[in-house]
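>>> what shape does this take:
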Amino acid sequence: MQSNTLERDIALKPGGSVTLAGYNFRFDGVQNIEGPNYEGLRGTVTVTSDGKPVTVLHPEKRRFWVQGSVQTTAAIADGLHRDLLASLGDDVGAGAYSLRFQYRPLIRFVWLGAFIMAMAA
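Numbering: from 1, shown residues only. Take a look at the predicted model:
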């Protein structure tokens, strides 16, 4: 089965960017966050297309105190024709972080197909 998803894994310093499927993903940096039972980092990624703002994504990497587990939370900008995703990875040194960006076209049609099959049953 063929997937039209485009994906890019890259290490970026704040201010660095990558282009994927006509969208420019600029990594603006990270800030420390603290929740009721975790601490972590929240990244900021600004997405533009043809120089026009599309969205700002905030992927997170959380470390839970009690369990000692680490969870990566992807940031998703959903749309009718595509989803844009950003995931924050580890600090790779020299101020750079590993990041994963994805472009998923027509993902909403998967749910539409499931709805049509459910209605036909």
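
>>> centre-most residue in this protein?
For the chain, the residue nearest the mean C-alpha position is residue 86 (1.4 Å; CA atoms, centre = their mean).

>>> contacts only, for that one.
By CB atoms under 8 Å, 6 or more residues apart in numbering, the contact set of residue 86 is 25, 43, 45, 57, 59, 74, 75, 99, 100, 101, 102. Where C-beta positions appear, they are placed from N, C-alpha and C, glycine not excepted.

>>> recalculate using a threshold of 7 Å.
Residues in contact with residue 86 (CB atoms under 7 Å, 6 or more residues apart in numbering) are 25, 45, 57, 59, 74, 75, 99, 101.

>>> please check these and keep the buried ones.
Among the contacts of residue 86, those classed as buried by 16 or more other CB atoms under 10 Å are 25, 45, 57, 59, 75, 99, 101.

>>> which residue ranges form the helices in the chain?
108-120 (DSSP state H).

>>> so where is it shaky, pLDDT-wise?
1-3, 109-110, 121 (pLDDT under 70).

>>> that one: strands as residue ranges?
6-12, 17-20, 23-34, 38-49, 52-57, 60-64, 70-73, 75-78, 82-93, 96-105 (DSSP state E).

>>> send me stretch 20-28 as PDB with only the CA atoms.
Taking C-alpha atoms only, stretch 20-28 is exported to PDB below (Å, rounded to 0.1, in the frame of the first residue of the first chain):
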ATOM      1  CA  LEU A  20       8.400  20.000   3.100                       C
ATOM      2  CA  ALA A  21       5.600  19.800   0.400                       C
ATOM      3  CA  GLY A  22       5.700  23.600  -0.100                       C
ATOM      4  CA  TYR A  23       5.500  24.400   3.600                       C
ATOM      5  CA  ASN A  24       8.400  26.000   5.400                       C
ATOM      6  CA  PHE A  25       8.800  24.800   9.000                       C
ATOM      7  CA  ARG A  26      10.900  27.200  11.100                       C
ATOM      8  CA  PHE A  27      12.100  26.000  14.500                       C
ATOM      9  CA  ASP A  28      11.900  29.000  16.900                       C
END
